[in-house]
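Colleague: Following is a predicted model, sequence given first.
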Protein chains: 2
Amino acid sequence: MSIYEEKQIGLLHSLQNANLTKFREAFLDLHPYDQASFFKELEKEEQELVFHFLAPEEIAELFEHLEMEDRDYQELFARLLPSYVADIFTHMSADDAADILNALNKEQAISYIALMSDEAASNVKALMDYEEDTAGSIMTLEYVSLYSHMTVSAAMSLLQMEAPNAETIYYIYVVDELKALVGVVSLRNLIISDDNTLIADIMNDSVYSVSVSQTREDAARKMRDYDFLALPVVDFQERLLGIITIDDIVDVLEEEASDDYSKFAAVSNMDYVDQHPFSAAKKRLPWLIILLFLGMFTASLIGRFEETLSKVSILAVFIPLIAGMAGNTGTQALAVAVRGIATGDLEKESKLKLIIREAGTGLITGGVCGILVTFVIYIWKGNIYLGLLVGASILGTLIVATIAGSIIPIVMNKLKIDPAVASGPFITTLNDIISILIYFGMATMFMRFLTS
Amino acid sequence: MSIYEEKQIGLLHSLQNANLTKFREAFLDLHPYDQASFFKELEKEEQELVFHFLAPEEIAELFEHLEMEDRDYQELFARLLPSYVADIFTHMSADDAADILNALNKEQAISYIALMSDEAASNVKALMDYEEDTAGSIMTLEYVSLYSHMTVSAAMSLLQMEAPNAETIYYIYVVDELKALVGVVSLRNLIISDDNTLIADIMNDSVYSVSVSQTREDAARKMRDYDFLALPVVDFQERLLGIITIDDIVDVLEEEASDDYSKFAAVSNMDYVDQHPFSAAKKRLPWLIILLFLGMFTASLIGRFEETLSKVSILAVFIPLIAGMAGNTGTQALAVAVRGIATGDLEKESKLKLIIREAGTGLITGGVCGILVTFVIYIWKGNIYLGLLVGASILGTLIVATIAGSIIPIVMNKLKIDPAVASGPFITTLNDIISILIYFGMATMFMRFLTS
């Protein structure tokens, strides 16, 4: 039970009784994330009260942890005084403020920015210009930078000044007169070096950075690999523009995961558990309809074998089995390849090596399953030919499906299409087609054995 | 192009020419992660050379970033002097050392631990006792703790002493005489407070912690939500045992993602892209065989309708379409529910609400797809009854499959089974069965319309 949960009840009580002092005391003592979770569960009227009880600067941090749907933000702010909202944005860290402002409609956003303090407004505008998914879009402008000719003591006193506002003061970046990034020094190094040492002597001059136009994922991967707490963002002239802090990266990695996951399940855009059926349906239908027509194509394919089917109707019985197995094995191969691309492992490996590997895997799994199914059907139906037909089809489809499952994402990646999109359903449909062609093709060929 | 890549060529060259000084200079200048990536790509003989050129303490950090298969570690260390290996472990941070030692076989591990320095050995042993996946298993013992009655200046000088060894010095935890956790103070606060202030006056006494027996995911979620850089790990008496740092959490989140992902694709244990076909097949076969028998069950189910099929063989044509649509929509619903559970969103929402929501979504998507398919088949086959039959089946299956997709993971979660395991193929098989029962059930009922 989190500290927040313990306090929640009393907090709600003092809010509902409009006990201002008691509420403020308890509320301001909470971690902003807890403030946000508390706020999120309140009724509209209760939320209004919270705004009455707290000043914009007191509630700003809450909004850095509040994650709502775009339209909820619009509704919420529409109920408040524009100047009050603007003050909230002024006191938020620029990157979080920019995110929320991007969620509002253009006019709304502009009107708030106009009311913000000049410095905050210009910071936010700078960040709002960056494309979503770029390193620039998640960087913060509240950072401390030093010159290499400063002494440790000078640096420390600068830090003590900046500490309250800076997003982090644990990595400090060193720039030259042109703001070009020349090094990095950690607070750890600063406090163990003596006052008169020059920053130049203790800074690490092989500093890693990310270009403002690179993707958030590039930044995330770099920080993960190197265990950085912050990463500097530079322009094409190596000038320091801002920094990305680890907490933003954690969120990126989380989103990435949900993202791959939702694409894998062909939910074009993962809908939240708390959404309305209509909006959920709207998000899923496009995929389902595409898949519906792919399915119709598969159906028409089977239609071509209707004669074979009418002669040996038992064949139909094994369609889902064969198609299903193809789908499953294809999905397995796909998951490995997609994940390999996502984590970057595959870049180091030769693609050809993977495909050959998968072919081998398909052969083995196909062989085992094929033999197994042949026996089971022979025992069940007492028809060895039928058993052999299904078994051979399983072998064939598993090999093809496994190879397809590894080739498709690699090709997609080459074509700069997110391989995760190819996943699940699509590969399944493709494998339906492959498996049906193999199955009925062979069935038609060996008809005489089956009808005998 | 990373700094590492630029240096790599020269580095390899000086290694192959056994240019000790040149190699050491360049190598020791690299970030441990780059050292690890370089090392990983070397031939066995070249790796031997690296060990000849570097002392254990110089290579220890490399191993904190080296991620290899268990057996590769065993082979690698088997080629080295036990005392040399033990020295490496002595100089590694205890948690990383424990991870690698756990990857070795028991005898090997014990022999190394026996040769380690007493302090390092006892630390490692302490950590190796914790269950995998627990907070205890990823915590580090290299942390700094203070007493609340210390002054800031005393604290600072302690930090300056501990800084070289501590995993992080940016969050410092405050304990009482019994080592019970009573507060936390950030280095940020320390440097802005003046020397004679008491820690008690600047520390935050509502400190969040995780119990040693809680899961890594609990710790990860907490640190993500609250943007912590470190989280203290305590025993049942609130005594401070160690801390978890954000870099470990980033790895946990990454693993989690791959994990969900691989389970989703029913790769029991995600195999790496660089694995041998046999080991890959071994990991996938168990699932495929389970699914094979599930598929056989589905087949036997269709078998019961063989009479219907022999009368109207066209029915077989639409089996994959209907089963496929059921599978897809079920997977969509499942993904939302599984992800909702993984991110914890669902805990806040009422489960019933989600299921009702999904029922609504199923009704809408089913309705749209059903009507669509009815028309398409009517136009294609000129048989309105067939169209209606397939359309109605789609409607029915989509509703049931969507609800099933949301109920199954919730139930599994209640039963403490990881819902991600239920994903993909399993739900598909279930939906195959549902859809076939609905489809052929209705077909058999309305046979007279179809044969007319």
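Modeller: Great, that's in hand.
Colleague: And the helix or strand where A:I408 lies, how far out from the chain middle?
Modeller: Using DSSP states H and E, A:I408 sits in helix A:384-414. Taking Cα atoms, centre = their mean, to the nearest Å, one finds the center of helix A:384-414 at 30 Å from the center of the full chain.
Colleague: Report the mean confidence score over the helix or strand following it.
Modeller: Using DSSP H and E, the helix or strand that follows helix A:384-414 in sequence is helix A:425-445. Averaging pLDDT along helix A:425-445 gives 82.
Colleague: Kindly report the same for stretch A:99-113.
Modeller: 90.
Colleague: Using PDB, write down the CA coordinates of that stretch.
Modeller: Presented in PDB, the C-alpha positions along stretch A:99-113 are these (Å, rounded to 0.1, in the frame of the first residue of the first chain):
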ATOM      1  CA  ASP A  99       3.500  18.000 -24.900                       C
ATOM      2  CA  ILE A 100       0.200  19.100 -23.400                       C
ATOM      3  CA  LEU A 101       0.000  22.200 -25.600                       C
ATOM      4  CA  ASN A 102       0.400  20.000 -28.600                       C
ATOM      5  CA  ALA A 103      -2.600  18.000 -27.400                       C
ATOM      6  CA  LEU A 104      -4.800  21.100 -27.400                       C
ATOM      7  CA  ASN A 105      -6.300  22.600 -30.500                       C
ATOM      8  CA  LYS A 106      -4.300  25.300 -32.200                       C
ATOM      9  CA  GLU A 107      -6.300  28.400 -31.100                       C
ATOM     10  CA  GLN A 108      -6.500  27.200 -27.500                       C
ATOM     11  CA  ALA A 109      -2.700  26.600 -27.400                       C
ATOM     12  CA  ILE A 110      -1.800  29.900 -29.000                       C
ATOM     13  CA  SER A 111      -4.000  31.800 -26.600                       C
ATOM     14  CA  TYR A 112      -2.300  30.200 -23.600                       C
ATOM     15  CA  ILE A 113       1.200  30.700 -24.900                       C
END
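Colleague: Any residue of that stretch touching chain B?
Modeller: No. Stretch A:99-113 lies apart from chain B when judged by Cβ under 8 Å from any Cβ of the partner chain; the minimum separation is 14.7 Å. C-beta: built from backbone N, CA, C; applies to glycine.
Colleague: which outside residues touch that stretch?
Modeller: A:63, A:70, A:73-74, A:77-78, A:82, A:85-86, A:89, A:92, A:121, A:124-125, A:128, A:132 (Cβ atoms under 8 Å, 6 or more residues apart in numbering or on different chains).
Colleague: Now for those residues: which two are most distant?
Modeller: Spanning the widest gap among the contacts of stretch A:99-113 are A:P82 and A:E132, at 25.5 Å by Cβ to Cβ.
Colleague: So if I had to pick from the two, which one is more boxed in?
Modeller: For A:P82 versus A:E132, the count of surrounding residues by other Cβ atoms under 10 Å in any protein chain shown is larger for A:P82: 14 against 10.
Colleague: So the more buried one sits against A:I88, correct?
Modeller: No. The pair A:P82 / A:I88 is not scored as a contact, 10.7 Å apart, by Cβ atoms under 8 Å.
Colleague: number of nearby residues for A:I355?
Modeller: A:I355 is flanked by 17 other residues according to other Cβ under 10 Å.
Colleague: which non-adjacent residue is nearest it?
Modeller: A:S406 (5.4 Å; Cβ to Cβ, 6 or more residues apart in numbering or on different chains).
Colleague: State the distance from A:I410 to B:I100.
Modeller: 32 Å (Cβ to Cβ, to the nearest Å).
Colleague: And the two? Which one has more around it.
Modeller: Taking other Cβ under 10 Å, A:I410 and B:I100 do not tie; B:I100 has more neighbours (23 against 19).
Colleague: hmm, back to that, in strands, which of the contacts of stretch A:99-113 fall?
Modeller: Per DSSP state E, strands hold no members of the contacts of stretch A:99-113.
Colleague: Flag the shaky bits of the stretch 301-450 of chain A, pLDDT-wise.
Modeller: A:343-345, A:347-349, A:418-426 (pLDDT under 70).
Colleague: and A:L231, helix, strand or coil?
Modeller: Following DSSP: H, G, I helix; E, B strand; the rest coil, the label given to A:L231 is strand.
Colleague: Against B:A36, how distant is it?
Modeller: In terms of Cβ to Cβ, A:L231 sits 19 Å off from B:A36.
Colleague: So which of those two has more stuff around it?
Modeller: Ranked by neighbour count (other Cβ under 10 Å), A:L231 and B:A36 place A:L231 first, with 27 against 21.
Colleague: hmm, back to that, of the contacts of stretch A:99-113, grab the buried ones for ChimeraX.
Modeller: To isolate the buried members of the contacts of stretch A:99-113 in ChimeraX, using 16 or more other Cβ atoms under 10 Å in any protein chain shown:
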select /A:63,73,77,85,86,89,92,121,124,125,128
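Colleague: Does A:E306 touch B:L309 like I think?
Modeller: No. Using Cβ under 8 Å, A:E306 is not in contact with B:L309; the gap is 11.6 Å.
Colleague: which one is the residue most central in space within chain A nearest to, not counting chain neighbours?
Modeller: In chain A, the C-alpha nearest the mean C-alpha coordinate belongs to A:E256, at 1.7 Å (Cα atoms, centre = their mean). Excluding its sequence neighbours, the residue lying closest to A:E256 (Cβ to Cβ, 6+ apart) is A:E217, at 6.5 Å.
Colleague: Kindly report the same for A:I314.
Modeller: Of all residues not flanking A:I314 in the chain, B:E306 sits nearest, at 6.3 Å (Cβ to Cβ, 6+ apart).
Colleague: now that neighbour: how far from B:V368?
Modeller: 32 Å.
Colleague: okay, these two: which has more neighbours?
Modeller: The neighbour count for B:E306 versus B:V368, taken as other Cβ under 10 Å, is higher for B:V368 (18 against 14).
Colleague: tell me the contacts of the closest residue to the more buried one other than its chain neighbours?
Modeller: Residue nearest to B:V368 in three dimensions, not counting chain neighbours: A:L285, with 6.1 Å by Cβ to Cβ, 6+ apart. Taking Cβ under 8 Å, 6+ apart as the criterion, A:L285 is in contact with B:I364, B:T365, B:V368, B:C369.
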